[in-house]
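*Asks:* model this:
(chains A, B, C and D)
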Number of protein chains: 4
Amino acid sequence: MSNTTSPQHYTEITVRARYAETDAMGVVHHASYIVWLEEGRTELFRSIGLPYSAIEAAGYYVLLTDLQARYLGAARYDDQVIVRAELAELRSRQVVFGYALHHARTGAPILTARTEHVLVARATGKPTRFPPDVLARLQQSLGAT
Amino acid sequence: MSNTTSPQHYTEITVRARYAETDAMGVVHHASYIVWLEEGRTELFRSIGLPYSAIEAAGYYVLLTDLQARYLGAARYDDQVIVRAELAELRSRQVVFGYALHHARTGAPILTARTEHVLVARATGKPTRFPPDVLARLQQSLGAT
Amino acid sequence: MSNTTSPQHYTEITVRARYAETDAMGVVHHASYIVWLEEGRTELFRSIGLPYSAIEAAGYYVLLTDLQARYLGAARYDDQVIVRAELAELRSRQVVFGYALHHARTGAPILTARTEHVLVARATGKPTRFPPDVLARLQQSLGAT
Amino acid sequence: MSNTTSPQHYTEITVRARYAETDAMGVVHHASYIVWLEEGRTELFRSIGLPYSAIEAAGYYVLLTDLQARYLGAARYDDQVIVRAELAELRSRQVVFGYALHHARTGAPILTARTEHVLVARATGKPTRFPPDVLARLQQSLGAT
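*Replies:* Numbers count the residues shown, from 1 in each chain, chains lettered A, B, ... in the order given. Below is the predicted model:
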């Protein structure tokens, strides 16, 4: 009934900034972080037993429809960055993820972000409802009981 | 006194989707559009006589601090996409840009976005006020009189 | 009978270096040029009436199998770069392209490159021979008569 | 006199293919692997006590001047790929690296590559000799005695 005893599930991965991801300002380019969010999301899906590749194999795409990011600091080449990802909201056809990135060594914040996604059927490209088994796993991740 | 007679200044560029910018869904990856926004911003700066390279040469960086994007459609390989960029808000240390992307051929919308930026001094990395000449050009672009 | 009167066909496009394509050295990252080669190749295919998207629509992929690049200079943010592409060699199942990149303003050389490709059937992923009509267009581009 | 007793030093890292690194063919785009080579090189430098960031801090850049890659197979989204990197040749102003990429699970080959680099002084942009301490570490990695 309550999720006070179900702390939010999240995953953390460590990404090391590649030289190719930096720009002429000497720091990681702002679009590179967006790719790291996706890598965090991939691990979150895997951690709940729903590898994203299996979702595609089952005939779906999880399309990104909205992206919000706030840049709080910068990573430089070879910095190790913790990418924390969690499932923030869940509806019958939509899922929202939240992210926080910080420096592994200092803990200094780098970015917070939020992405909205819809499930679409690969065959039609149309938004569709999550299949019950997928929904069940997502709900479990959300801590909704 | 009024900017009803000063229609908003904007620039439009045409970007052709590169194969490398697509992903396994067969469409342009969501992070690729973020790079296109930057290309639109570059042209907007140039159009008001303030090439971004000149801003850096004068000792500043225009740092992106916030990004919001709403995905309304998708571009595919070789599609031509219009990237419209405009200056949306201007403060003494901050500038906000708005964007709208649509298919060149059909006019179908692809993305709307908004980015916030602060001016920082390259020497210190600290936020700083826009120099008067830069501010004047930005105000002119904004249609503020 | 001779191709002394059929000078090699080539295409030239102008690419403007994006900020995202630079790295912490302040110049365009070496992998970014590889993407520009592909953009040059796209235009070359289009110029001979064989848009690459049409090749895919006909059931094929043109896979890159070998890449050689020699870096002779560097482009910086906002530099305009000429990407010259030409068909260099043609066999029944393989095509080779040559490239030369130089600064639009100064003519200074940036890169020379060569890529080998094979045609594969999308359905099987196996190498296959060029269909006669495709081969004919490619031969024409090569200046073979 | 002989390095038969000095087996070549190499490093191996595991890279997981990101969705953003795939393209509309459903596999990793050929330019994405080039970025992985750099990640392998970064680990090789680190493994011999010469983190590349320290080389830059000491006033140098290690510029890529030549790239050769042969594509033998393809990685797909979420595949784990072993990137093996080794120092292949060493001269007073030049260093050559060799690479081999294969699937972590199956061992199937994906790519072999070779990159040449020169050392340049950051202050002048001119090629320069390796400082003695850097050269000593590189020679050790090469197994030259």
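*Asks:* name the element the residue nearest the centre of chain A belongs to?
*Replies:* When C-alpha atoms, centre = their mean is applied to chain A, the residue found nearest the centroid is A:Arg41 (3.0 Å). Using DSSP states H and E, A:Arg41 falls within helix A:30-47.
*Asks:* can you check what angle separates that helix from helix B:30-47?
*Replies:* 170 degrees (axes from the mean of the first three to the mean of the last three C-alpha atoms, to 10 degrees).
*Asks:* and whatever helix or strand comes next after helix A:30-47, what does it pack onto?
*Replies:* Later in the chain than helix A:30-47, the nearest helix or strand by DSSP H and E is helix A:52-57. When contacts are defined as 3 or more C-beta pairs under 8 Å, 6 or more residues apart in numbering or on different chains; DSSP states H and E, helix A:52-57 packs onto helix A:30-47, strand A:60-71. The way it works is simple: take the backbone N, C-alpha and C, and place the C-beta from them, glycine included.
*Asks:* do the longest one and chain C meet?
*Replies:* Yes: residues of helix A:30-47 contacting chain C under C-beta under 8 Å from any C-beta of the partner chain: A:Ala31.
*Asks:* and that helix, how far out from the chain middle?
*Replies:* 5 Å (C-alpha atoms, centre = their mean, to the nearest Å).
*Asks:* same question, stretch A:123-142
*Replies:* 16 Å.
*Asks:* other residues contacting stretch A:109-127?
*Replies:* Stretch A:109-127 has contacts (C-beta atoms under 8 Å, 6 or more residues apart in numbering or on different chains) with A:33-34, A:37, A:41, A:56, A:59-75, A:81, A:88, A:93-103, A:128-130, A:134.
*Asks:* output the below-cut-off pLDDT ranges for chain A.
*Replies:* Along chain A, the model assigns pLDDT under 70 to residues A:1-8, A:144-145.
*Asks:* for chain A, what lies in contact range of chain C?
*Replies:* Residues of chain A lying near chain C (C-beta under 8 Å from any C-beta): A:19-20, A:22-24, A:26-27, A:29, A:31, A:76-77.
*Asks:* which of these tops the neighbour count?
*Replies:* A:His29 (26 neighbours; other C-beta atoms under 10 Å in any protein chain shown).
*Asks:* so who does it touch?
*Replies:* Contacts of A:His29 by C-beta under 8 Å, 6+ apart are A:21-23, C:19-20.
*Asks:* can you tell me how far it is from D:Leu111?
*Replies:* 25 Å (C-beta to C-beta, to the nearest Å).
*Asks:* now A:Arg76
*Replies:* To D:Leu111, A:Arg76 is 28 Å away according to C-beta to C-beta.
*Asks:* burial count for A:Arg137?
*Replies:* A:Arg137, neighbours per other C-beta under 10 Å, totals 16.
*Asks:* so it lies in a helix, does it not?
*Replies:* Yes: with DSSP: H, G, I helix; E, B strand; the rest coil as the criterion, A:Arg137 is part of a helix.
*Asks:* contacting residues for it?
*Replies:* A:Arg137 makes contacts with A:48-50, as judged by C-beta under 8 Å, 6+ apart.
*Asks:* closest one of these to chain B?
*Replies:* Relative to chain B, the closest of these is A:Leu50; by C-beta to the nearest C-beta it sits at 17.5 Å.
*Asks:* quick check: that closest one touching A:Ala136?
*Replies:* No: in this structure, A:Leu50 is not within contact of A:Ala136 by C-beta atoms under 8 Å, at 10.0 Å.
*Asks:* more neighbours, these two?
*Replies:* Per other C-beta under 10 Å, whichever of A:Leu50 and A:Ala136 has more neighbours is A:Leu50, with 19 against 13.
*Asks:* residues in contact with that one?
*Replies:* Contacts of A:Leu50 by C-beta under 8 Å, 6+ apart are A:134, A:137-138.
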